[in-house]
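Trainee: Next comes the sequence, and after it the predicted model I'd like to discuss.
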Amino acid sequence: MRQIVYLILLLCGACQSQSSDDQQASSGTPKSSPIRLAAAHWVAPQTLLIDKQYSQQPVRLINSLDSLTATKEFTLTPVTMPAAIANKYPHLSAFNSYRLELENTQIKQLLKQPLVIISGEKNSSNEKGTRVQTALLLDALYAAGSNDANEITDFGAQLDGEQTQFKLWAPTARSVKVLLFEQDKQPLTPASIVMEEDEATGVWSATSSNDLTGMYYQYEVEIYHSSSEQVETIITTDPYSLSLSTNSKYSQIVNLNHSDTMPKGWLDQQDNSVNHPEDNIFYETHIRDFSAFEHALSNEKHRGKYLAFTEQNSQGIKHLNALRDAGINSIHLLPTFDIGTINEDESQVVNINHTLETACQRSQLAAVCDLATDKSQTIASYLAALPTDSEQQQALVSALRSIDSYNWGYDPFHYTVPEGSYAVNPEGMNRIVEFRAMVQALHNLGFRVIMDVVYNHTHQAALEPTAVLDKIVPNYYQRLDTITGEIAQSTCCDNTATEHAMMEKLMIDSLVVWARDYKIDGFRFDLMAHQPKAAMLLARQAVQAVDPDTYFYGEGWNFGEVANNQRFVQASQLELSGTEIGTFTDRLRDAVRGGAFNAQGSDIRKSQGIGNGLATIPNELQTSDAQHKYYQLADQLRIGLTGNLANYPLVTASDDTSLGKEISYGGQPTGYALDPADTINYVSKHDNQTLWDNNQYRIAYHLSTAQRVRMQLQSLSYVLFAQGIPFIHMGSELLRSKGFLRDSYDYGDWFNKVDFSQQSNNYNIGLPPAEKDQQNWQMIREILSNNAGKDLVSAQDIAFSSAVFLDQIKLRMSSPLFRLTNENEILKRVKFHNTGSKQTLGLIVMSIEGDEQSPSLMVIFNSAENSQHFAFTDAKQYQLHPVLQQGADPLVKTSSATDSGFTVPGLTTAVFIKQ
């Protein structure tokens, strides 16, 4: 009993309110309870599920915020777990079930205090305690009926005539105030308004009799927080913020329909639609990468900013125009919502065009200040002058990570406000106007705009500086371990729980704002399988109500604490089949690139794929089973070319006819799609090494520069001539390199450079950062040495690659046969030749049967070093496609169709059209 008494005393002694005038919560010394686990789950008003280690009777619920003498204690009754509960929460189905008879009003008051389950007789040696997780109970109490919290449509700050209304869902809070500020952040009069709670919904609300447009606000929330084990007075921003101050300390009151938030012409911009999802081609772009090295900006302030997309004659804009003219129609923007990892105050950051002297002054880092070199030179000039196989570049870039302007942006701070670091002026409404100017410019160029969204985690949680959700309703918005109660971090960071009603609602409400008020045409979901399939379907339905031709796609990777549907049916590759919510397919990717994306050193080089020479042009590390592996990957690739269809019948290398779903991919089905819109095809994106770097790891040393360029283009052709939807990493067509860096998320402009002047592909720029790739340095040095310059491209190589890529785009968009819109059409029209055990190595041969409007096509991928012939009786009826006849590649023009069949040069993809 001594431990339990100690716990209650400790928690009672910690129940003293603190105050704070900063974004972060009060910083009193956190207490440390002897009870660290949270293995009890209050899932419904009368039902608790408790891990079996706490089954010793009696089992009691203690309200441990009361004083020791007044502590409330409720005895639980063991019961058989209701089947409905076990089915609803499969991850808790092995727990013991208990019943507790309390009125909802009593329960709601208990939820504002810490709760502990005690099992075993008092004063006995087997008495044990565990904390209680209450997120599921909050849903049952506040979001399970009609007219509940998740039906409220006006959270945040809303302008209503001459009044301003505030609403915040915080059912476990003891009190809430809204703090009001002038635009200069001085307190308004009145400086605060006390908010009132609706006990039915858990929503706190307040109304000002003034129109507070443009003013700033924060919430002051008094709440018990388990991370500090005390009552905190937390000052934080609004999770439903629509505008923010610089560095997101204050939320701003705005009307997104007011002209002050719109660039000129916003209401009249071009609207670009597609007839079918399969007509999309996504071009993945990072806002800073797009213009960080631009040579032709009209305004230097636009570098790395939203407004770079409003330029008229920059090299980047000219390249986008060329892509559009060829047929690319959708610009995918890496995260553009407010993130927690970039300082938005330009006077405090260091970028590659700053001098070393400025970098020293702003960073005070020894890695900069102690450099024995001319400090008046720019960081870029200093890095460029270093030896190309040096470790020095990565050392400086790594040192500057914390103070530069670079991050991919997968660090959500506020979900529904544009990121400020990409704005010339990040303060308040200015960032909104600049973001909208970018969207408008892209629309007027003829592109749809896709936004990369990250609702699967937050940048921080608990009482950390960039936490918001977990400060307001602790342990609700984040997904917790079922036993420890710790926040799951399988995504990278603090996972969110979109299976909870109000997190699902926040995601859906946020998406609707982006679609309706910012005219975003589609969304790519980061680690989408960490979210329920049901939530994704509801979200799409809500967005379609404001934008009928929106398209959703994302990462359907099946891993972590939610893997294999253990908490809910996931939005994963297999589960989303047939929904036309696209998932990235690793099947085609690995067949082309080679797998082993987490391999190190020589193991990377051993893992050749069809796109970089497997079996046809083996490198020195290939083993005797290379041909067998080729046959496996070739079948995998063929299924990929069908749009990854589960039901596509293929004659495999074993001479059996197998459906796509029956062909194994690491123990999973290769084919899982039921519709081509289920599939996003790619061979390169922001993650992992670029296509160029990946290939150099694996390509045989003897191949010439020209052959390496052809391998790059052929790898892209698998994506562009496959059924499904193509996804292109910006700069792939320019042979983009990141200096072998595996993960460039926070490694600055130097490694992430894209040169739209087409003079450099950013290869051989120093060794990649040690934190990510030190184990690969020896292999990289060997590759650079053994390639003897054959991996170094010229401006002419880059220009050639770009031109041939544009031909490939034109070719795809010239025929609907590359963009079939349903499974039946693909099963009827797409056929593979040269299959089975007698196939010619290096030839993937695919025909697509046409009709009167669209002539039949024959697509031949020759991944061998030399020309190959494929015998085909009716070849004489075909000719090389006019796009290729008139295109930029002289070698493909030597392809032929004769009485005996088709002949295609080495490392070439040829498309023939029936005459």
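Mentor: Noted; the coordinates are in hand.

Trainee: C-terminal to the one helix or strand residue 847 maps to, what's the next element?
Mentor: Assigned by DSSP states H and E, residue 847 belongs to strand 843-848. From strand 843-848 onward toward the C-terminus, using DSSP H and E, the following helix or strand is strand 857-862.

Trainee: Name every strand pairing with that next one and say which way it goes.
Mentor: With DSSP bridges as the test, strand 857-862 is paired with strand 843-848 (antiparallel), strand 908-914 (antiparallel).

Trainee: right, so those: which one is the most enclosed?
Mentor: By mean neighbour count, with neighbours taken as mean count of other Cβ atoms under 10 Å, strand 908-914 ranks first of the strands paired with strand 857-862 at a mean of 24. Every residue, glycine included, has its C-beta placed from N, CA and C.

Trainee: Nearest spatial neighbour of the spatially most central residue of the chain, chain-adjacent residues omitted?
Mentor: Residue closest to the mean C-alpha point of the chain, counted by Cα atoms, centre = their mean, is residue 526 at 2.6 Å. In space, and not counting its chain neighbours, residue 526 is closest to residue 454: 4.3 Å by Cβ to Cβ, 6 or more residues apart in numbering.

Trainee: burial measure for the one you found, as a count.
Mentor: Number of residues near residue 454 (other Cβ atoms under 10 Å) recorded here: 25.

Trainee: For residue 616, give me its contacts.
Mentor: By Cβ atoms under 8 Å, 6 or more residues apart in numbering, the contact list for residue 616 reads 610, 630, 841, 842, 863, 864, 865.

Trainee: Kindly report the same for residue 503.
Mentor: Residues in contact with residue 503 (Cβ under 8 Å, 6+ apart) are 455, 469, 476, 477, 496, 497.

Trainee: so how far is residue 816 from it?
Mentor: 40 Å (Cβ to Cβ, to the nearest Å).

Trainee: nearest residue to residue 820 other than its sequence neighbours?
Mentor: Spatially, and ignoring its direct neighbours in sequence, residue 820 is nearest to residue 826 (5.1 Å; Cβ to Cβ, 6+ apart).

Trainee: isn't there a helix covering the one you found?
Mentor: Yes: per DSSP: H, G, I helix; E, B strand; the rest coil, residue 826 lies within a helix segment.

Trainee: now it: how far from residue 330?
Mentor: On the measure of Cβ to Cβ, residue 826 and residue 330 end up 22 Å apart.

Trainee: ok, now residue 337?
Mentor: Residue 337 is 19 Å from residue 330, by Cβ to Cβ.

Trainee: for stretch 757-770, how far is the first residue from the last?
Mentor: 30 Å (Cα to Cα, to the nearest Å).

Trainee: Filter the contacts of residue 503 down to the ones in strands?
Mentor: Members of the contacts of residue 503 lying in strands (criterion: DSSP state E): none.

Trainee: Which of those residues sits closest to residue 716?
Mentor: Minimum distance to residue 716 across the contacts of residue 503 is 30.4 Å, recorded for residue 455 (Cβ to Cβ).

Trainee: what residues are up against the closest one?
Mentor: Residue 455 neighbours (Cβ under 8 Å, 6+ apart): 412, 415, 496, 498, 503, 506, 507, 510, 525, 526, 531.

Trainee: which one of the residues you listed has the most neighbours?
Mentor: Neighbour max across the contacts of residue 455 (other Cβ under 10 Å) = residue 496, 30 neighbours.

Trainee: So what sits opposite it in the bridge?
Mentor: Residues in a beta bridge with residue 496, per DSSP bridges, are residue 478.

Trainee: is it true that it touches residue 456?
Mentor: Yes: between residue 496 and residue 456 a contact is recorded at 6.0 Å, counting by Cβ atoms under 8 Å.

Trainee: mind listing the helices for the stretch 1-150 of the chain?
Mentor: For the stretch 1-150 of the chain, applying DSSP state H, counting those that start in this stretch gives helices covering 2-13, 83-88, 104-110, 135-142.

Trainee: which stretch in those helices is the model least sure about?
Mentor: Mean pLDDT is lowest for helix 2-13 out of the helices of the stretch 1-150 of the chain, coming in at a mean of 32.

Trainee: Which one of the strands paired with strand 857-862 lies nearest to residue 878?
Mentor: strand 908-914 (3.9 Å).

Trainee: What are the contacting residues of that closest one?
Mentor: Counting by Cβ under 8 Å, 6+ apart, residues outside strand 908-914 touching it are 710, 713-714, 717-718, 721, 808, 811, 815, 850, 855-862, 875, 877-884, 889, 891-892, 895, 897, 902, 904.

Trainee: Buried ones among those residues?
Mentor: Neighbour-count burial (16 or more other Cβ atoms under 10 Å) is assigned, among the contacts of strand 908-914, to 710, 713-714, 717-718, 721, 808, 811, 815, 850, 855-862, 875, 878-881, 883-884, 889, 891-892, 895, 897, 902, 904.

Trainee: Helices - which of the residues you listed land there?
Mentor: 710, 713, 714, 717, 718, 808, 811, 883, 884 (DSSP state H).

Trainee: out of everything not next to it in sequence, what's closest to the fourth one?
Mentor: Setting aside the residues directly before and after it, residue 717 is nearest to residue 909 in space (Cβ to Cβ, 6+ apart), at 4.0 Å.

Trainee: For residue 846, see how far away that neighbour is.
Mentor: Separation of residue 909 from residue 846 (Cβ to Cβ) stands at 10 Å.

Trainee: what's the answer for residue 430, then?
Mentor: Residue 430 is 51 Å from residue 846, by Cβ to Cβ.

Trainee: And for residue 246?
Mentor: 54 Å.

Trainee: residue boundaries of the helices in the stretch 651-800 of the chain?
Mentor: Using DSSP H, counting those that start in this stretch, helices in the stretch 651-800 of the chain cover 691-698, 705-720, 748-752, 770-773, 777-787, 795-814.

Trainee: Looking at those, which is nearest to residue 626?
Mentor: Nearest to residue 626, of those and by Cβ to Cβ, is helix 691-698 at 12.0 Å.

Trainee: just checking, what packs against the closest one?
Mentor: helix 586-593, helix 602-606, helix 705-720, helix 777-787 (3 or more Cβ pairs under 8 Å, 6 or more residues apart in numbering; DSSP states H and E).

Trainee: Tell me which of the helices of the stretch 651-800 of the chain sits nearest to residue 320.
Mentor: helix 795-814 (12.1 Å).

Trainee: Just the CA coordinates for that closest one, please, in PDB.
Mentor: Provided in PDB are the C-alpha atoms of helix 795-814 (Å, rounded to 0.1, in the frame of the first residue of the first chain):
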ATOM      1  CA  ALA A 795      25.200  20.300 -70.400                       C
ATOM      2  CA  GLN A 796      24.600  18.500 -73.700                       C
ATOM      3  CA  ASP A 797      23.800  15.300 -71.800                       C
ATOM      4  CA  ILE A 798      21.300  17.100 -69.600                       C
ATOM      5  CA  ALA A 799      19.600  18.900 -72.600                       C
ATOM      6  CA  PHE A 800      19.300  15.600 -74.400                       C
ATOM      7  CA  SER A 801      17.800  13.900 -71.400                       C
ATOM      8  CA  SER A 802      15.300  16.700 -71.000                       C
ATOM      9  CA  ALA A 803      14.300  16.600 -74.700                       C
ATOM     10  CA  VAL A 804      13.800  12.900 -74.800                       C
ATOM     11  CA  PHE A 805      11.800  13.000 -71.600                       C
ATOM     12  CA  LEU A 806       9.500  15.600 -73.100                       C
ATOM     13  CA  ASP A 807       9.000  13.200 -76.100                       C
ATOM     14  CA  GLN A 808       8.000  10.400 -73.700                       C
ATOM     15  CA  ILE A 809       5.400  12.700 -72.100                       C
ATOM     16  CA  LYS A 810       4.000  13.700 -75.500                       C
ATOM     17  CA  LEU A 811       3.800  10.100 -76.400                       C
ATOM     18  CA  ARG A 812       1.900   9.100 -73.300                       C
ATOM     19  CA  MET A 813      -0.600  11.900 -73.700                       C
ATOM     20  CA  SER A 814      -1.000  11.300 -77.500                       C
END
